[in-house]
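Undergrad: Sequence and computational prediction follow.
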Amino acid sequence: MRQYLCSLKLVLILLTLHACHNKGDSRLSTSRDSGESIMNDLNQYYYTLKTMVDSDYTQHFPNILDSNNLGILGPPTDNDSIYMLEVTNKLTEKNIVEDYKQNNIALYSASDTCLLPFQKFKSLREHIHMRFRQCLVNKYPIPNFVYSDYFDNSTQSRLSKDFSIYVLESEPYKNIADSLITNNEMLLEKWKSGFSRGVAISLKREVIIYWVIIW
């Protein structure tokens, strides 16, 4: 499965453009204008990514990006029509954490030993007879954060241990009762298609990652 991922890092772009500027009396004004132009281009790119899916899936994302943005990761894969979007920002309003604590359908630690990252679906399909873990039955799919700047190979989520993952909404392809799921095949049938959206937050790093996956 080929995956096309585009990542924009605002700081690197700014540094590149500053290095290319001609030095002169209007340097400060030119720098300011260039910064605004970069933000406009970034927001246009962001808008394009969001309009690829129904707005209900990205309703928890920021309306616009500002200087608190740390990166964008998207858009989808081609063959399996999988859409993934991640936006990473500095966490400037810590009071929103309480809102997420009150309004979520699941809260996981990035270091939990029983999670259902989307990449695990691929492994389950390729190795359908691998040992079934009963703890996966009532788990919601989350992204595989392998491309995040906060990647940690020691966790199942592939996200640094100081992150908490809030699942805000998730729906499966089929409403198969958990009591009927006895093996990998049944679990995969339930999640044959669907979506999941939420945020991952690290208070230690003061970072928030907005995410959505649709497959």
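TA: Sure, I can see it.
Undergrad: which residues does residue 117 contact?
TA: Counting by Cβ atoms under 8 Å, 6 or more residues apart in numbering, residue 117 touches 141-145, 156-158. C-betas here are computed from N, CA, C, even on glycine.
Undergrad: excluding its backbone neighbours, what's nearest it?
TA: Nearest residue to residue 117 in three dimensions, chain neighbours excluded: residue 144, at 4.3 Å (Cβ to Cβ, 6 or more residues apart in numbering).
Undergrad: residues in contact with that neighbour?
TA: 117-120, 157-158 are the contacts of residue 144 under Cβ under 8 Å, 6+ apart.
Undergrad: Quick check: it vs residue 159, distance?
TA: Using Cβ to Cβ, to the nearest Å, residue 144 is found at 9 Å from residue 159.
Undergrad: which one is residue 194 nearest to, not counting chain neighbours?
TA: Residue nearest to residue 194 in three dimensions, not counting chain neighbours: residue 172, with 4.5 Å by Cβ to Cβ, 6+ apart.
Undergrad: How confident is the prediction for that neighbour, by pLDDT?
TA: pLDDT for residue 172: 95.
Undergrad: Work out for me the element residue 49 sits within.
TA: In the assignment (DSSP states H and E), residue 49 maps to helix 27-50.
Undergrad: for that helix, what is the average pLDDT?
TA: Computed over helix 27-50, the average pLDDT equals 80.
Undergrad: thinking again about what came up before, could you tell me how many residues sit around the residue nearest to residue 194?
TA: By the criterion of other Cβ atoms under 10 Å, residue 172 has 17 neighbours.
Undergrad: Now the phi/psi pair for it, please.
TA: In terms of degrees, to the nearest 10, the main-chain angles of residue 172 are phi -90, psi 170.
Undergrad: Residue 213 versus that one, what's the distance?
TA: Distance, residue 172 to residue 213, by Cβ to Cβ: 13 Å.
Undergrad: same check, this time on residue 162
TA: Distance, residue 162 to residue 213, using Cβ to Cβ: 22 Å.
Undergrad: Look at these two and report which has more neighbours.
TA: Applying other Cβ under 10 Å to residue 162 and residue 213 shows that residue 213 carries more neighbours, namely 23 against 16.
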